[in-house]
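A.B. asks: Sequence below, structure please.
(2 chains)
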Amino acid sequence: MAVHAPFKVGMKEIYLPDFKLAFIRTIHLPANYASFIVPLWFSKLDLRDYLYHGYNLRIGPVIRSYVQQSRIRQGQVPSPTRPQYKRWHRPRSTKRMTVELERPFAWPERPDDLTAWNKEETKMANEEQGPLGKRLGPEGDQQGISNDRRTSMREQAKALLEGREKWKPGVSRGLGTSG
Amino acid sequence: MHCTSASLLRSALISSASRATTLPPLFLLPAFTISQTTPFSTTPAAHARRDGNRARGVSALRHTGIGKKQTLSVKLENLPQPVLDPKRRSKVEVDEDHGLWDFLPPSQAAIRTPEELHAHGRGWTVAELRKKDWDDLHRLWWVCIKERNRLATQAYEHDRIAGVDGMYGEHEAQGRDEEVRKTMKSVKHCLTERWYTWENARVAGMEDVEVDLTADLDRGEKAFLPREDGQVPVELGSEDDRRTDSGLPPPVNATAPNDARV
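C.D. replies: So this is what the prediction gives:
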């Protein structure tokens, strides 16, 4: 750690900061640039001071900062199970800062094999549960019914009418054979 | 020659006598007959004085290119070309002690697996932290801050890799973040307790006859000046240790909780 910072340090000493910074991978920038997502109230001077005192990182003279406004959306955060309409709001904007590094830093490669994170299983689960969710959703009656389900329903109706089976309550709408 | 319409007409007729053409109107005849060979003005044109500015007419903003007199060290055909294919670029050498490694997992991978994320214990309790001094608590706070930054970096990279379908690891990362936040909360709890203890002691000391708050300990002055008749028993530890640390024996001369603090 250097004896004194290469810039003029502020007077306010913060011993217990309570915010987080995210270091972003930027493939479009050269290796001597780094990008962070910072709190919305953060300033360039704050970032320079934080990186120097917290991470012993010296950066170039120019820091680029921009605020990314989010799009208007419905519903609340965290998103509940049911879709929530009419609760229009604009979530909080994100502030990103790009700094120039004295020594280059290249991100390690992304893992090729994602079995440790069960990527295949989640994909399969989404594919299976997608049609079910649509059938239970607001546009459920617009979904088509497969021929297998049609024949199955016809046979069940026939059985009930002919007295071969007795009607029992308790089966939920939408579940059962897919279609 | 003295031009009259009659003479012009005659010359025009003679030149085109062989062909049967319609005659042009009289006022247009000078256009066909008189051919000027001299310029309008006979005064010689004034040439511009030689300008010493070699960069005259050269502009970067107007894309004129380099001037005729300007020579560059590199010829256009010898200019270095950028390597557009990322696979053909040389690998960047990253120092081992680079500060940004602290934002990534200790294994120097891009993200941690769910197993790695789940491998954590519980956060520090307040009773455990009461024994620690300010320097240790401060260091622990910063360890927690850096871990939270690491988790925030992981969360963003995770979303990028997972895409629309998603993948496992979010739940484990959230559990880890929760324990870190519990530790941070305990640290602040302990420090707040300590401050209130100090503040109560300061207020009590201001009103106590036996305590001298203005004493300079470095010069040997005594802050505690007991009376001759008896010693005041000193109680170490916090009264909340009774609630949180079940292993401690019950304290002697404990103040009743109903006593009002002065």
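A.B. asks: Check which helix or strand the closest residue to B:Q108 other than its chain neighbours maps to.
C.D. replies: Setting aside the residues directly before and after it, B:Q108 is nearest to A:P108 in space (CB to CB, 6 or more residues apart in numbering or on different chains), at 5.8 Å. Backbone N, C-alpha and C define where each C-beta goes, glycine included. Following DSSP states H and E, one finds A:P108 outside all helices and strands.
A.B. asks: Surely A:P108 and B:S107 touch.
C.D. replies: No - taking contacts as CB atoms under 8 Å, A:P108 lies outside contact range of B:S107: 9.2 Å.
A.B. asks: Number of residues surrounding the residue nearest to B:G57 when sequence neighbours are not counted?
C.D. replies: Nearest residue to B:G57 in three dimensions, chain neighbours excluded: B:T64, at 6.4 Å (CB to CB, 6+ apart). Residues lying near B:T64 (other CB atoms under 10 Å in any protein chain shown) number 11.
A.B. asks: and the next element down the chain from the worst-scoring helix or strand of chain A on mean pLDDT?
C.D. replies: Taking mean pLDDT, DSSP states H and E as the measure, chain A has helix A:119-136 as its least confident helix or strand, at a mean of 92. The first helix or strand that comes after helix A:119-136 along the chain, using DSSP H and E, is helix A:147-161.
A.B. asks: From the contact counts, what lies against that following helix?
C.D. replies: Judged by 3 or more CB pairs under 8 Å, 6 or more residues apart in numbering or on different chains; DSSP states H and E, helix A:147-161 has no packing partners among the helices and strands.
A.B. asks: so what's the residue nearest to B:Q108 up against?
C.D. replies: Going by CB atoms under 8 Å, 6 or more residues apart in numbering or on different chains, A:P108 touches B:L104, B:Q108, B:A109, B:A110.
A.B. asks: and the residue nearest to B:G57, helix, strand or coil?
C.D. replies: Three-state call for B:T64 (DSSP: H, G, I helix; E, B strand; the rest coil): coil.
A.B. asks: Next: A:V62.
C.D. replies: Following three-state DSSP, the label given to A:V62 is strand.
A.B. asks: Tell me how many other residues surround it.
C.D. replies: A:V62 has 9 neighbours, counted by other CB under 10 Å.
A.B. asks: Looks like it contacts A:E100 (just checking).
C.D. replies: Yes - the criterion here is CB under 8 Å, and A:V62 meets it with A:E100 at 6.4 Å.
A.B. asks: before we move on, back to that, and the residue nearest to B:Q108, how far from B:W101?
C.D. replies: The gap separating A:P108 from B:W101 is 10 Å, by CB to CB, to the nearest Å.
A.B. asks: Find the residues that touch each one of these two.
C.D. replies: Taking CB under 8 Å, 6+ apart as the criterion, A:P108 and B:W101 both touch B:Q108.
A.B. asks: Share the number of residues neighbouring A:E162, please.
C.D. replies: By other CB under 10 Å, 8 other residues sit near A:E162.
A.B. asks: next one: B:T22
C.D. replies: B:T22, neighbours per other CB under 10 Å, totals 5.
A.B. asks: Domain parsing of the chain, as residue ranges.
C.D. replies: All of this refers to chain A. Chain A is divided into the following domains under automatic domain parsing: A:7-72+A:87-106, A:128-162.
A.B. asks: my bad, chain B
C.D. replies: Following automatic domain parsing, chain B resolves into domains at B:99-207, B:210-262.
A.B. asks: Out of the ones you listed, which one sits most buried?
C.D. replies: Ranked by mean neighbour count, the domains of chain B are led by domain B:99-207 with a mean of 16 (mean count of other CB atoms under 10 Å in any protein chain shown).
A.B. asks: rank the domains of chain A by pLDDT, which is bottom?
C.D. replies: For the domains of chain A, mean pLDDT drops lowest on domain A:128-162, to a mean of 91.
A.B. asks: what comes up buried for that one?
C.D. replies: A:R135 (16 or more other CB atoms under 10 Å in any protein chain shown).
A.B. asks: mind checking how far that domain is from the chain centre?
C.D. replies: Its chain's C-alpha centre and that of domain A:128-162 lie 33 Å apart, by CA atoms, centre = their mean, to the nearest Å.
A.B. asks: end-to-end on it?
C.D. replies: 35 Å (CA to CA, to the nearest Å).
A.B. asks: which SS class is B:L151?
C.D. replies: State at B:L151, reduced to three classes by three-state DSSP: helix.
A.B. asks: Please tabulate the domains of chain B in JSON lines, including the columns mean pLDDT.
C.D. replies: Listed next are the domains of chain B as JSON lines, based on pLDDT from 0 to 100:
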{"stretch": "domain B:99-207", "mean pLDDT": "96"}
{"stretch": "domain B:210-262", "mean pLDDT": "72"}
